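Colleague: following is a predicted model, sequence given first.
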Amino acid sequence: MGLDIRWPIGLMFSLIGAMLVVFGLAKGDQSVSLGININLIWGAVLLVFGVLMLLGAISGKKNPPSA
Amino acid sequence: MESIHLHKIDYTILVAYVAFVIGIGWTLARYMKTSSDFLTSARSIPTWVTGLAFISANLGALELVGMAASGAKYGISTAHFYWVGAIPAMIFLAVFMMPFYYGSKARSVPEYLKMRFDERVRALNSVAFAVMTIFASGISMNALAKLLNQLLGWNYHAALFICSGVVLLYVLKGGLTSAIYTEVLQFFMIVLGFAPVVYLGLKDVGGWHSMNHSLEAVATNPSALYLKDAGTSYAPDAWMSAWTPVLAGPAHNPMGVDWFAMIFGLGFVLSFGYWCTNFLVVQRAMAAKNMTAARNTPLVASVPKMFFPFLVIVPGMIAAALMTMPDKNYRIPPPIIEQANYDKAVAAVKSASPTDVPAAVKSVGDALGKKIDGIKIASLVAANAATKLSDTDIQKGLYNSVAENDYDGVILSLVKKYCPPGLLGLALTALLASFMSGMAGNVTAFNTVFTYDLYQAYFAKGKSDHHYFLTGKVITIVGILLSIAAAYFARQYNNCMDIIQLVFGFVNAPLFATFLLGMFWARTTGTGAFLGLFGGIGSSALFHALTIAQGNTPGIKGGYLKVVSTFPSEMAQNFWLAAFAFIACFTLTLVISLATARTKTDADLKGLVYSLTPKIVDNNVPVYQRPAVVGVVLLIVCVILNFIFW
């Protein structure tokens, strides 16, 4: 229906992921849990997920699904 | 529950999420032209989206909290609520029932009942459903506002109105599509927000095997977690085997259930009754763009559903394991105690005499107003007598001595323990998201049923579509206002809430018998269905009035007429009640149908009853998309999962 949901999902997780990565890099001391900089790592995971969703949305726009 | 301090980054994540859901609503608003767009998404949504919404509509925040609690209390057996209590029913819905829901062009489950039977059955089902959704959404919003109040110190009323306002904004703009899209967003929030907590928790307890090893200690001495009476003991594998303890009998598993109640009561009656007839979830599948997509919706949903136990139940198991590791310095939070009581108890500790232990324990316990661990209090008093402790340290000692656990606090205590600022914002936003989408899901189901099955059917027949479109919008606002009222009601009259939920249990338990007979036996008559349903509801109420679970006193928990039978646990009582109600409704519907004349001809029932509907030929669909094929594969995977955790 009109809006491909992969746009908002992709945009939101890219944004949150990027924020966590930046926070993890800038405030490394506050981001550690059990000796891992979890904000940095998980932020990167979210960022990758978000970008994949955006790529899906872009390719979906070029080749709209048939059914 | 202790309060959590949020940083700017956490609030930023929260605000970003809210901005996105409102944005989705506003973007969708321009596509909302007819009542069908608004209330049923005009049957246009792709399968993976309806599938994830299907699962997400069910994965409310209360379930998230409750499953972690059960994970701690019962271990991996909790997964039966997924593997026995959901997957088979979801596959049945997809393969056998969806063709009638979708193919009949009904816009709601009650409307299907009207087509198949008559107005009476529809009215009964739609009124019960409308009232139930409002209370469900109210309960969820009350829990959310309470949580924000305790956790973040927000004002209860402000929290309630702000969150409801956000839901109103996006549902009013984008209707069902908005709710479905938000549910998908929430699905990813939950998975991606809680996965790191599970990962960190498992790492902390030393991995899966080490966790299982610790759970042996819990199983052999559950009273250490204040779970059962002192002296109760289970086989060492009771927390990490799903079937062995259940097959051994009710005395050998912490749930206190037997295999028959588990498979027939939960796996058949309750599960099929919920997944196959509850419009809240079925509505998601009915919004799909074509028949194949509609049938595949529950199948897509069953994939994540099958693996959810690892996300929602394992945290509880981690928490129970952590309790056996003194060096981890963790406890499942005790029930909330007012600061005033803590202050009184701190004073009591200070004035207590370390030589008169019983008097010291009694005075501290009275001040705190909770059950306490006498040994821990005695050592706290002694420690304070030796070297004066600070008030904060004494309060910490008191906190650790409360001999009761609030299991619903498990998930948040782990989030707090493992999440630094940033990740904390993500996890809390995920939780908040699932509370709000719970409200949105209920409100969108409510407005459809109210508009089509009550308003259009009984109050204003034959108006223009625009009229119903506007009605749908007005009813959305009304639904949200009623939910807020229900939230206040839940806050004020907790006991009434228990009664209301009990009544809904009675109403829902027999429902699947009506559908089963209606869809697969053309001879079932409207009168049979209507009276059978009433009989089923009545017999479940009667069953409840005559039975009780061990340890409960007669009253709201059952047995208020006369205790004829006692069950080992409340869960067992519930499962047997469902089984009983189903059999009563099934038998009554059958007998009354045979005794009454049919009012609908075979031609009327085409597309509504299995034997009178042409079989769906899906030769044009690729094999991997055929519901029957996919369903069988998923069922096999589910069975394998059961064997792995046998």
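Modeller: It's in.

Colleague: how many neighbouring residues does B:Asp465 have?
Modeller: Counted with other CB atoms under 10 Å in any protein chain shown, residues neighbouring B:Asp465 total 12. Where C-beta positions appear, they are placed from N, C-alpha and C, glycine not excepted.

Colleague: wait, it sits on B:Thr34?
Modeller: Yes. Here B:Asp465 reaches B:Thr34: they are 5.4 Å apart, a contact under CB atoms under 8 Å.

Colleague: can you find the helix or strand in chain B with the smallest mean pLDDT?
Modeller: Sorting the helices and strands of chain B by mean pLDDT, DSSP states H and E puts helix B:494-508 at the bottom, at a mean of 76.

Colleague: show me which positions of stretch B:43-56 end up buried.
Modeller: Neighbour counts over stretch B:43-56 (16 or more other CB atoms under 10 Å in any protein chain shown) mark B:43-47, B:49-56 as buried.

Colleague: again, but for stretch B:582-597
Modeller: B:582-586, B:588-590, B:592-593.

Colleague: circling back to that earlier point, give me the distance from the least confident helix or strand of chain B to the chain's centre.
Modeller: 15 Å (CA atoms, centre = their mean, to the nearest Å).

Colleague: next: stretch B:424-437.
Modeller: Averaging C-alpha positions (CA atoms, centre = their mean) puts stretch B:424-437 16 Å from its chain's average.

Colleague: equivalent analysis for stretch B:618-636, please.
Modeller: Distance, centroid of stretch B:618-636 to centroid of chain: 29 Å (CA atoms, centre = their mean).

Colleague: is chain A within reach of it?
Modeller: No. Contact of stretch B:618-636 with chain A (CB under 8 Å from any CB of the partner chain) is absent, the minimum separation being 10.3 Å.

Colleague: who's in contact with that stretch?
Modeller: Contacts to stretch B:618-636, defined as CB atoms under 8 Å, 6 or more residues apart in numbering or on different chains, come from residues B:87-88, B:91, B:94-95, B:98, B:292, B:295-296, B:299, B:302-303, B:306.

Colleague: looking at these, spot the one nearest chain A.
Modeller: B:Thr292 (8.6 Å; CB to the nearest CB).

Colleague: what helix or strand is that closest one on?
Modeller: helix B:291-312 (DSSP states H and E).

Colleague: just give me the longest helix of the chain.
Modeller: Unless you meant another one, I'm taking chain A. As assigned by DSSP state H, the longest helix anywhere in chain A is helix A:38-62.

Colleague: nope, chain B
Modeller: Under DSSP H, chain B gives helix B:156-205 as its longest helix.

Colleague: ok, then the element right after it?
Modeller: By DSSP H and E, the next helix or strand past helix B:156-205 is helix B:207-220.

Colleague: report the mean confidence score over that next one.
Modeller: Throughout helix B:207-220, pLDDT has a mean value of 89.

Colleague: okay, buried residues for whichever helix or strand comes after it please.
Modeller: Going down the chain from helix B:207-220, the next helix or strand is helix B:244-247, by DSSP H and E. The neighbour-count check on helix B:244-247 (16+ other CB under 10 Å) flags B:244-246 as buried.

Colleague: quick one: contacts of helix B:244-247?
Modeller: With CB under 8 Å, 6+ apart as the criterion, helix B:244-247 contacts B:77, B:80, B:234-235, B:237-238, B:252-255, B:257-259, B:262, B:646.

Colleague: ok, now with 10 Å
Modeller: B:74-77, B:80, B:84, B:219, B:234-235, B:237-239, B:241, B:251-255, B:257-259, B:261-263, B:645-646 (CB atoms under 10 Å, 6 or more residues apart in numbering or on different chains).

Colleague: which of these fall in helices?
Modeller: Per DSSP H, the subset of the contacts of helix B:244-247 in helices is B:74, B:80, B:219, B:259.

Colleague: which two from these end up farthest apart in space?
Modeller: Greatest spatial distance in the ones in helices among the contacts of helix B:244-247: B:Ala219 and B:Trp259, 18.9 Å, computed using CB to CB.

Colleague: more crowded one of these two?
Modeller: Using other CB under 10 Å, the more surrounded residue of B:Ala219 and B:Trp259 is B:Ala219, with 21 against 15.

Colleague: name all residues that make contact with the spatially closest residue to that one that is not a sequence neighbour.
Modeller: In space, and not counting its chain neighbours, B:Ala219 is closest to B:Ala238: 4.0 Å by CB to CB, 6 or more residues apart in numbering or on different chains. Counting by CB under 10 Å, 6+ apart, B:Ala238 touches B:74-77, B:215-216, B:218-220, B:222, B:244-246, B:248, B:252-255.

Colleague: at 8 Å what do you get?
Modeller: Listed by CB under 8 Å, 6+ apart, the contact partners of B:Ala238 are B:75, B:219, B:245, B:252-254.
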